[in-house]
Every structure is written in structure tokens, then in C-alpha cells.
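Visitor: This is a predicted model, with the sequence first.
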Amino acid sequence: MLDVTNPRTLGRSICIITGASRGFGRALAHEVSRWLQPGSVLLLVARSETLLQELKGELWSFIVDQQSAVHCVAADLSTREGLDETVRVARQEAVTEMDRVLLINNAASLGNLSNFATFTGIDEVNSYLSFNVSSALVLTAGILQAFPRVPLQQRSVVNVSSTFALRPLPSWVLYCTAKAAREMMFRVLAEEQPHVKVLSYSPGPMDTDMQRDILRLTGVKNHLLPCQESAEKLVKLLLDDDFVSGTHLDFFELKKLTSRDDTTM
């Protein structure tokens with residue numbers, strides 16, 4: 001089983017990444033694969049089969065060198081069928097002994113950026129919350145059931161969050177509400193299941209399709225991070241494993257702490 005005294009490995013793991021075909025999820029797939037031991041499994045989930053297969057090709061050296069597996073699940077996580085298929089494929093790997101089960105809930109959408117008073121139709125709101133909140137709850141519960149606790153096995157759940165889970169922004173009511181709901185949802189999980197390590201990670205504004213949509217819709221241009229830089233920070237948090245379960249950590253706050261430590265050395 002995993003040598004917990006060695007922080008520089010994720011062990012022989014099954015890692016499920018949602019929203020894996022683009023942007024941050026794609027960068028995470030590359031970064032996580034660098035720290036997995038032979039015999040691991042990467043389960044990549046997104047809507048686009050084509051993009052997933054391209055990503056699998058990019059990870060080919062990982063598959064060969066590590067004698068590991070990459071499975072692609074082209075699924076719409078806003079539907080029961082998509083959620084059930086993702087859990088079904090993950091459960092197939094449950095028969096294999098693993099050091100760690102790691103679920104990264106990255107899939108999300110921007111939603112309609114409009115004033116609060118414009119949301120008079122319940123269908124639009126329900127549809128948004130179903131994909132951005134309900135699906136993360138159902139998928140996480142399904143994965144935890146598929147991988148019940150066993151001695152010495154680590155189970156970790158990451159919620160890809162946002163600074164807007166903690167502070168409001170005009171015209172972003174759907175996005176802020178969903179991120180805040182997910183934040184509390186995973187804090188409850190941390191309280192209920194102390195043997196599951198839970199992290200809400202705010203990756204910062206990254207060079208993704210979502211940020212290009214924000215620029216087009218609002219005219220606001222942010223300084224954008226490379227996805228790989230933020231992915232490296234998240235994986236380092238998982239490797240070090242010294243955060244309190246259920247906590248919210250932000251890329252920029254972590255960067256300030258790192259810079260401060262460097263100046264005092």
C-alpha cells in the first residue's frame with residue numbers, strides 16, 4: 001500500500017477527473033499522471049469523445065511507461081445516464097487494489113451572466129444547478145459507494161471552486177450560488193466522513209474557454225494563469241497532504257505564502 005511517509009507520490013491510484021477534455025481538467029490529467037505509480041488508472045470524463053481520445057493519445061507515454069490505464073467516458077453529467085455510466089466504469093476498477101481513490105470534480109459551466117431580477121423562469125435555474133451542483137453530489141456519493149473504506153487506502157475528493165464561492169459579484173448570481181453551494185456540500189462531506197480527505201481549491205483565472213467567454217460577455221480582461229501552473233499547485237497540495245479536510249485554498253493565497261517563505265530562507 002501507499003507509503004504515506006513519502007509525499008512525492010500519489011501511489012497506485014484510480015483518479016477520476018471530470019471536465020477533463022479542456023483547460024484545467026486537461027492540464028490536471030497531464031500533471032496527475034506524473035505522480036502516479038505503475039498500475040494506476042486515470043478515468044477521464046467529459047462530453048466530447050474526440051477531445052478525450054486526443055488527450056488519451058497525449059498520455060500515451062504514461063500508459064506505456066507506467067503500465068497503467070486511461071479510460072475515457074464521454075458523458076453528459078447533467079443527466080442520470082451520464083452519471084450512472086461514470087460510476088459504472090469506475091466500479092469496474094474497484095476490484096483492483098489501489099492505494100488511493102482520487103475524485104476531482106472539475107466539470108462546471110459559466111451560466112447566464114444577467115441581473116438577479118431577470119431569472120423568472122425556473123427551468124433555466126434548475127438546469128444550471130442540476131449540472132453545477134446536483135451532479136457533483138450524486139457523482140461523489142456514487143464513487144464513495146463504489147469504493148468503500150478499506151484499511152490504509154486513502155480516499156480524496158477535490159472540489160474545483162472559485163473565489164466567488166466566498167464573495168458575491170453582480171450579474172453572477174448563478175455562478176456564485178453554485179460555487180457557494182458546492183463549497184458547503186463538500187464541507188458537510190468532510191464533517192460526515194473524516195476518513196475522506198476533502199479539498200475545495202480555487203485555481204484562479206486561467207487561460208480557458210470560460211475566460212474567453214467572460215471577456216466576450218463582460219469586456220473584463222483578467223490576467224490569466226497557464227492552466228498547468230495552477231494544476232501543479234493543486235497536485236502539490238495533494239502530495240503534501242497537510243491541509244485540513246474541508247478547507248478552501250486559493251491559488252493566489254498559496255502563492256503569497258510560498259513567496260514569503262522563499263524570502264525568509
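Guide: Received the coordinates, thanks.
Visitor: for Leu36, phi and psi?
Guide: phi -90, psi 150 (degrees, to the nearest 10).
Visitor: er, Val157 I mean
Guide: phi -130, psi 130.
Visitor: Look up how far Gly11 lies from the closest residue to Arg8 other than its chain neighbours.
Guide: Residue nearest to Arg8 in three dimensions, not counting chain neighbours: Leu239, with 6.2 Å by CB to CB, 6 or more residues apart in numbering. In short, each C-beta sits where N, CA and C put it, glycine included. For Leu239, the distance to Gly11 (CB to CB, to the nearest Å) stands at 10 Å.
Visitor: out of the two, which sits in the more crowded spot?
Guide: Gly11 (20 against 14; other CB atoms under 10 Å).
Visitor: How about the secondary structure of that one?
Guide: coil (DSSP: H, G, I helix; E, B strand; the rest coil).
Visitor: looking at it, it is touching Leu102, isn't it?
Guide: No - if you go by CB atoms under 8 Å, Gly11 and Leu102 don't touch, sitting 9.5 Å apart.
Visitor: Show me where this structure dips below the pLDDT cut-off.
Guide: Per-residue confidence for the chain (pLDDT under 70) gives these ranges: 1-7, 256-265.
Visitor: Swap in 80 and give it another go.
Guide: The chain contains residues with pLDDT under 80 at 1-8, 94-96, 255-265.
Visitor: could you show me where the strands are in it, in order?
Guide: Using DSSP state E, the strands of the chain run over 13-18, 41-46, 69-74, 100-105, 154-160, 196-202, 247-250.
Visitor: ok, which stretches of the stretch 101-250 of the chain are helices?
Guide: 122-129, 135-146, 173-192, 209-218, 227-240 (DSSP state H, counting those that start in this stretch).
Visitor: mind putting those helices in a markdown table, distance to Gln67 included?
Guide: Compiled in a markdown table, the helices of the stretch 101-250 of the chain are given as follows (distance: least, CB to CB, whole Å):
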| stretch | distance to Gln67 |
| --- | --- |
| helix 122-129 | 41 |
| helix 135-146 | 23 |
| helix 173-192 | 33 |
| helix 209-218 | 34 |
| helix 227-240 | 21 |
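Visitor: Fine, thanks again, bye for now.
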